[in-house]
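> Attaching a predicted model along with its sequence, questions to come.
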Amino acid sequence: GESVGLHLPTLSVQEGDNSIINCAYSNSASDYFIWYKQESGKGPQFIIDIRSNMDKRQGQRVTVLLNKTVKHLSLQIAATQPGDSAVYFCAENNAGNMLTFGGGTRLMVKP
Amino acid sequence: DAGITQSPRYKITETGRQVTLMCHQTWSHSYMFWYRQDLGHGLRLIYYSAAADITDKGEVPDGYVVSRSKTENFPLTLESATRSQTSVYFCASSESLGIQPQHFGDGTRLSIL
């Protein structure tokens, strides 16, 4: 079974608003986490990553937060744009140095 | 900037046929991976390779064969296709494990009738 983000919920936001996409993981030994964006008909695209010795990392319009206490990962997208519409999923690096992927969240941006 | 390319993008075949999916990367990454993506399962690892001539099984290897004679190529073969292998297949590569992200191709949508 999957240990990361079991369902595919949908998040609908207004253009210009901030989006927060959440992911729960179960393996407390996981030491590296990645967020991917997948548009229809395309492969997953790397967005941002974070190591377990950090609790926050910022990129261009995106921020990843890691809460190891509750094993929770979130992706914040500032000023969401129509081009941000996609499925977003997290991945965790497990003890075998393999990635375990969640099922994802569909982000829909309303103009 | 080709990155990682997969071919074909779409393939329809019949049960029992052999089919090979191609993957080529231009980054000289050491590691390459094959995943399948199905509704309700997310991405599942089929096989991976740490270097030329080194391959290992992932979570769902049955029915698949891989080879890696050159660093840049990592073909996936279904020796006798079954309907349960209808899926979208993604190839990925990375320079290392556990500290760098994997980068994906755009996938092959395979339908087995």
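Thanks, I have the structure now.
> Skipping adjacent residues, who's closest to A:Pro111 in space?
In space, and not counting its chain neighbours, A:Pro111 is closest to A:Glu15: 5.2 Å by CB to CB, 6 or more residues apart in numbering or on different chains. Every C-beta, even on glycine, is put in place using the N, C-alpha and C of the backbone.
> Contacts only, for the one you found.
Going by CB atoms under 8 Å, 6 or more residues apart in numbering or on different chains, A:Glu15 touches A:Thr80, A:Gln81, A:Pro82, A:Val109, A:Lys110, A:Pro111.
> chain center to the strand or helix carrying the fourth one, what's the gap?
In this assignment (DSSP states H and E), A:Val109 forms part of strand A:105-110. In terms of CA atoms, centre = their mean, to the nearest Å, the centre of strand A:105-110 is set 13 Å apart from its chain centre.
> Output the contacting helices and strands for that strand.
Packing partners of strand A:105-110 (3 or more CB pairs under 8 Å, 6 or more residues apart in numbering or on different chains; DSSP states H and E): strand A:10-14, strand A:19-24, strand A:86-93.
> just these: most buried one?
The highest average neighbour count among these, using mean count of other CB atoms under 10 Å in any protein chain shown, belongs to strand A:86-93 at a mean of 24.
> Keeping just the C-alphas, turn it into CSV.
In CSV, the C-alpha atoms belonging to strand A:86-93 read as follows (Å, rounded to 0.1, in the frame of the first residue of the first chain):
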residue,chain,number,x,y,z
ALA,A,86,-2.6,20.4,-12.5
VAL,A,87,-2.3,17.4,-10.3
TYR,A,88,0.2,17.9,-7.5
PHE,A,89,1.7,15.0,-5.6
CYS,A,90,4.4,14.5,-3.0
ALA,A,91,7.0,11.8,-2.8
GLU,A,92,9.1,10.6,0.1
ASN,A,93,12.5,9.0,0.1
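> any idea which helix or strand comes after it?
Using DSSP H and E, the helix or strand that follows strand A:86-93 in sequence is strand A:99-101.
> I'd like the mean pLDDT over that next one, please.
Strand A:99-101 shows a mean pLDDT of 91.
> which helices and strands does that strand pack with?
Contacts defined by 3+ CB pairs under 8 Å, 6+ apart place strand A:99-101 against strand A:86-93, strand B:42-51.
> Just want the residue of chain B that's nearest chain A.
The minimum distance from chain B to chain A, using CB to the nearest CB, falls at B:Phe104 (3.6 Å).
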